[in-house]
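*Asks:* Here is my input, please return the structure:
(one chain, ligands or ions: 2)
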Amino acid sequence: MKIVADENMPYVDALFGDLGEIIRVDGRSLQAQQLSDIDVLLVRSVTKVNAGLLASCKNLQFVGTATIGMDHIDTQYLDSREIGYANAPGCNATAVGEYAFIAMLELARRFSEPLKDKVVGIVGAGNTGSAVQKCLEAYGVKTLLHDPFVAQSADPRAFVSLDRLVELCDVISLHVPLTKTGRHPTWYLFDEKRLASLKPGTWLLNCCRGEVIDNRALIALKRQREDIKLVLDVWEGEPHPMPELVPLTEIATPHIAGYSLEGKARGTFMLYQALMARLDKSGDKSMDSLLPALWSHAVTLNEQPEEKGLLTLSRLVYDLRDDDELFRQRFLNNNGFDLMRKNHKHRREFSALTLANNACSDVDWLSNIGFSGVGL
Ligand SMILES: NC(=O)c1ccc[n+]([C@@H]2O[C@H](COP(=O)([O-])OP(=O)(O)OC[C@H]3O[C@@H](n4cnc5c(N)ncnc54)[C@H](O)[C@@H]3O)[C@@H](O)[C@H]2O)c1
Ligand SMILES: O=C(O)[C@H](O)[C@H](O)COP(=O)(O)O
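*Replies:* Ligands and ions are numbered 1, 2, ... in the order given. Alright, predicted model coming up:
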C-alpha cells in the first residue's frame, strides 16, 4: 500500500508504518503528478482535495484530513468516485478551547480587567466553542452562546441571537465553520456593519477561519477604534495575512490554535482508526504511547490560585506570548507563516500538567478547567 502524508502530520510512521510505504509531502504545494499510484492520502487544511488533484489516482481508496474543518475537501467528488474519506472532528477542540481561554487571561492581565468580571459570547457551540465554554464556566465566567443549528436541537443550553450576543458581551470568540451557502452562512459573518456594532472595549477572538471576519473592514474599524482588542489566529488570505492588520492585534498567531501535541496525535490516530475500519481490519495501536512527558511533571498548590496564579499555571503548559512574538518577527519572511506552523512542536494541553493540592480548600474547578490532579 502506498500512503502519501503531509509532512506536518506527526505520528504517521508510528501508526501507519505497518501498512505500507509512506511518502511525506509538502501539503500546500502538492501536485497531481505526485499522486498517480497512491492508495491513501493523508492531508491537513492547506491541501485542496478535488478533481484537479485526484483525477489520475486510479487506486485511491481513502482520503483522511487530520482536521476539524472540511472546507478544503470536495466530498461530492470523493463520493462520486466512491473514495472513502474521514476528518477528525473534535481532535483539536481542547487545544482551541485552551488557546482562547489563555488568550483571554493574557488580555485580562495586560489591561488589568479581570476575566471573571466579563461576559463572554461564543459564536458556534460545537466542539471548539464548547471547549472554550467548559474552561470559562469552570473558572466562573458568564457565557452566552449563539448557534442557530444547535439551538434547534435537543441541546439543553440557552442560546441568544447574534445581535443580542454582540450587544451584551464584553468578549466574543468565534468558533464556526466557513460556509458560503445554506441558511446561516458564515463568510464575512462579521462584516463592516456587524463590526461597527461591537460595544466599546470588546475583545474579539477569531480561532476558526479568517474569512469569517471581513479583514479589510476590521483594519478600518481598528484604525478608528483603539478600544477594540483583537486576538487573531486565522486570517483572510492565509498564508499571507494583510500586513497592516498584524500590528493592530493584541495577540497574533499563524493558525496554530489547535496545535497541541495531544490534538495532533488525536487527529492522526482518528484517521488511523477510520482507515482500519474502511479496510475492515482491527487496529493494534494505541494513542497513549505516542506522547512524551511534559517538561515539568507536577506543581504543588499551597493556596487557592487567583487569576494571576491561573495565568501562571497556564503559561507553564503553553506560553502564548512566545508564538505571538515569533509570528510578529517572522510572518513577512519568505514562507514565514507556514514555517512557523511546520516547526510548531512545543505546545501541550492543560492535562499534561499535574497539580498537587496542599491547599485544603476546594480546587475542583482546576480539574474542571482541564489540569490533571493529585487530590484535586
Ligand atoms: N484555528 C485552528 O487551529 C482551528 C482548529 C480547529 C477548528 N478550527 C475551525 O473552527 C471551526 C469550528 O470547529 P468545531 O470543531 O467547533 O466545529 P463543530 O462543527 O463542532 O462546531 C461548529 C458549530 O458552528 C455552528 N454554526 C454553523 N454556522 C453557524 C452560524 N452561522 N452561526 C453560529 N453558529 C454556526 C454549527 O452549528 C456547529 O455547532 C472548524 O470548522 C474549523 O474551521 C480552527
Ligand atoms: O480545521 C482544523 O482542524 C484546524 O483549522 C486545523 O488545526 C488546521 O491545521 P492544519 O490542518 O492546517 O495543519
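*Asks:* near ligand 2, which residues of the chain?
*Replies:* Residues of the chain lying close to ligand 2 by Cβ under 6 Å from any ligand atom are 8, 44, 45, 46, 67, 68, 69, 92, 255, 258. C-beta coordinates here come from the backbone N, C-alpha and C atoms, glycine included.
*Asks:* Save these as CSV, and put in distance to ligand 1, neighbour count and pLDDT too.
*Replies:* Putting the residues of the chain next to ligand 2 into CSV (distance: Cβ to the nearest ligand atom, whole Å; neighbours: other Cβ atoms under 10 Å; pLDDT from 0 to 100) gives the following:
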residue, distance to ligand 1, neighbour count, pLDDT
8, 12, 22, 92
44, 10, 20, 96
45, 8, 22, 94
46, 12, 19, 95
67, 7, 20, 94
68, 4, 23, 90
69, 3, 17, 87
92, 5, 27, 95
255, 5, 23, 97
258, 3, 25, 96
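*Asks:* Let's see which of these end up in helices.
*Replies:* The helices in this structure, assigned by DSSP state H, contain none of the residues of the chain next to ligand 2.
*Asks:* Report the residue spans of the chain with pLDDT below the cut-off.
*Replies:* Counting by pLDDT under 70, the low-confidence segments of the chain come to 359-360, 374-376.
*Asks:* Spell out which residues make up each domain of it.
*Replies:* When the chain is parsed with automatic domain parsing, its domains come out as 2-87+260-286, 93-252.
*Asks:* which ones are touching whichever residue of the stretch 51-200 of the chain sits closest to ligand 1?
*Replies:* Taking Cβ to the nearest ligand atom as the measure, the stretch 51-200 of the chain has residue 126 as its residue closest to ligand 1, at 1.8 Å. By Cβ atoms under 8 Å, 6 or more residues apart in numbering, the contact list for residue 126 reads 147, 150, 175.
*Asks:* Could you double-check that the first one sits in contact with residue 129?
*Replies:* Yes - counting by Cβ atoms under 8 Å, residue 129 is a contact partner of residue 147 at 7.2 Å.
*Asks:* Of those two, which one has the most company?
*Replies:* Remark: of residue 147 and residue 129, residue 129 carries more neighbours, 27 against 23, as counted by other Cβ atoms under 10 Å.
*Asks:* is it true that the more buried one lies in a strand?
*Replies:* No - the assignment for residue 129 is helix, going by DSSP: H, G, I helix; E, B strand; the rest coil, so no strand is present there.
*Asks:* tell me the contacts of the residue nearest to it when sequence neighbours are not counted?
*Replies:* If you skip the residues right next to it in sequence, residue 129 has residue 175 as its closest partner in space, 3.5 Å away by Cβ to Cβ, 6 or more residues apart in numbering. For residue 175, the contact set (Cβ under 8 Å, 6+ apart) comprises 96, 122, 123, 124, 125, 126, 128, 129, 132, 207, 208.
*Asks:* Quick check: the first one touching residue 134?
*Replies:* No - distance between residue 96 and residue 134: 11.5 Å, which falls outside the contact criterion (Cβ under 8 Å).
*Asks:* And the residue in the stretch 201-350 of the chain positioned nearest to ligand 2, how close does it get to residue 89?
*Replies:* Nearest to ligand 2, among the residues of the stretch 201-350 of the chain, is residue 258, at 3.4 Å (Cβ to the nearest ligand atom). Distance of residue 258 to residue 89, computed by Cβ to Cβ, to the nearest Å: 12 Å.
*Asks:* Quick check: neighbours shared by those two?
*Replies:* Contacts common to residue 258 and residue 89, judged by Cβ under 8 Å, 6+ apart, are residue 68.
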